[in-house]
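> How does the following fold in three dimensions:
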Amino acid sequence: MSDKWALVTGGARNIGAAICRRLTEDGYEVIALDIVEPDHDEYALFRRVDLADGAAAQRVLTDLAEGHEITRLVNNAAIVRPALVEETSLADFEAVINTNARAALLSVQALLPAMRRADFGRIVQIASRVVLGKERRSSYAASKGALLSLTRGWALELARDGITVNCVAPGPIATSLFWENNPPESPRAQAIVNAIPVGRMGTPEDVAHAVSYFLDDRSAFVTGQVLYVCGGLTVGLAGA
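Predicted coordinates:
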């Protein structure tokens, strides 16, 4: 490996926890950032921070960048705040954008010098299938759509520096966040599950596997891409 340090934002639980576990198995020294304490111990270092707080995020990221040569980054931290468009508050919109998209920008800016010194870098953004359309997700879809666009732009800007930028877009994945927004017995949740062509919900480990591929040294010729980890749901509804 060019460098063993990997930073995972939102690394405490659910998909973030699975990514930390997989990257630890892959041999990386994992740094996890989150607003809550991790429910696992698959990391070398944990820093608690509210990534919606720009100043606090910059302080923590600058400190980590000064102490470690981090050349792999997974921008996974996210909040949802579902609401109909007319019920979407400016406060919620800003919180979601700041946590899901602005924090990704701050993370890349902090780690970019180390990646350029190494002539090597791997950046993976965790987006979502909601970028293709989903009701009650104005803020979330806007933030994840921003990540897709940033992925493509950064891939072009950084390619000559040996840095790849790719995007994993999961959905639907069986996490506590998913079930909070889609109660298991609700018609909405059942409709989602029934529409998945492979016949099951995705797991956080399914997403972590895709992230592992993009972070690998051998993935140097893949950049600016979006991989939907969705059980075929983004291709079309089964039986349609």
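
> Grab the longest helix from the protein for me.
helix 138-158 (DSSP state H).

> Identify the residues contacting the next helix or strand after that one?
Sequence order places strand 163-170 as the next helix or strand after helix 138-158, per DSSP states H and E. Strand 163-170 is contacted from outside by 15, 112, 115-116, 120-129, 131, 144, 147-148, 151, 154-155, 158, 202, 206-207, 210-211, 214, 219-220, 222-230, 234, using Cβ atoms under 8 Å, 6 or more residues apart in numbering. For the C-beta atoms, the positions are set from N, CA and C on the backbone; glycine is no exception.

> Tell me the helix or strand right after the helix or strand bottoming out on mean pLDDT in the chain.
In the chain, no helix or strand scores lower on mean pLDDT, DSSP states H and E than helix 176-181, which sits at a mean of 81. Of the helices and strands lying after helix 176-181 in sequence (DSSP H and E), the nearest is helix 187-194.

> if you average pLDDT over that next one, what comes out?
The average pLDDT within helix 187-194 is 88.

> which residues are contacting that helix?
Contacts of helix 187-194 (Cβ under 8 Å, 6+ apart): Pro172, Trp179, Asn182, Pro183, Arg200, Met201.

> tell me the phi and psi of Asp26?
The phi/psi pair for Asp26 (degrees, to the nearest 10) reads phi -70, psi -10.

> Next: Arg136.
Main-chain dihedrals, Arg136, degrees, to the nearest 10: phi 60, psi 30.

> wait, what's in contact with it?
Pro82, Ala83, Leu84.

> Is the second one in contact with Glu135, as I believe?
To tie it back to what came earlier, the one meant is Ala83. No - look at Ala83 against Glu135 with Cβ atoms under 8 Å: they stay out of range, at 10.1 Å.

> which of the two has more neighbours?
Ala83 (16 against 11; other Cβ atoms under 10 Å).

> ok, for that one, nearest residue in space, not its chain neighbours?
Arg136 (6.1 Å; Cβ to Cβ, 6 or more residues apart in numbering).

> Show me what counts as buried in the least confident helix or strand of the chain.
Buried residues in helix 176-181, defined by neighbour count with 16 or more other Cβ atoms under 10 Å: Phe178, Asn181.

> Also stretch 168-187?
Quick answer for stretch 168-187 (16+ other Cβ under 10 Å): Val168, Ala169, Pro170, Gly171, Pro172, Ile173, Thr175, Phe178, Asn181, Asn182.

> now stretch 124-135
Val124, Gln125, Ile126, Ala127, Ser128, Arg129, Val130, Val131.

> which one of these is nearest Arg102?
Gln125 (12.9 Å; Cβ to Cβ).

> Can you name the residues bridging to that closest one?
Asn75, Cys167 (DSSP bridges).

> Make 353 the first number, not 1, from now on.
Done: numbering now begins at 353, and the last item shifts to Gln477.

> my read: it touches Leu502, true?
Yes - with contact defined as Cβ under 8 Å, Gln477 reaches Leu502; the gap is 7.0 Å.

> Overlap of the contact sets of those two?
Shared contacts of Gln477 and Leu502, defined by Cβ under 8 Å, 6+ apart, comprise Ala456.
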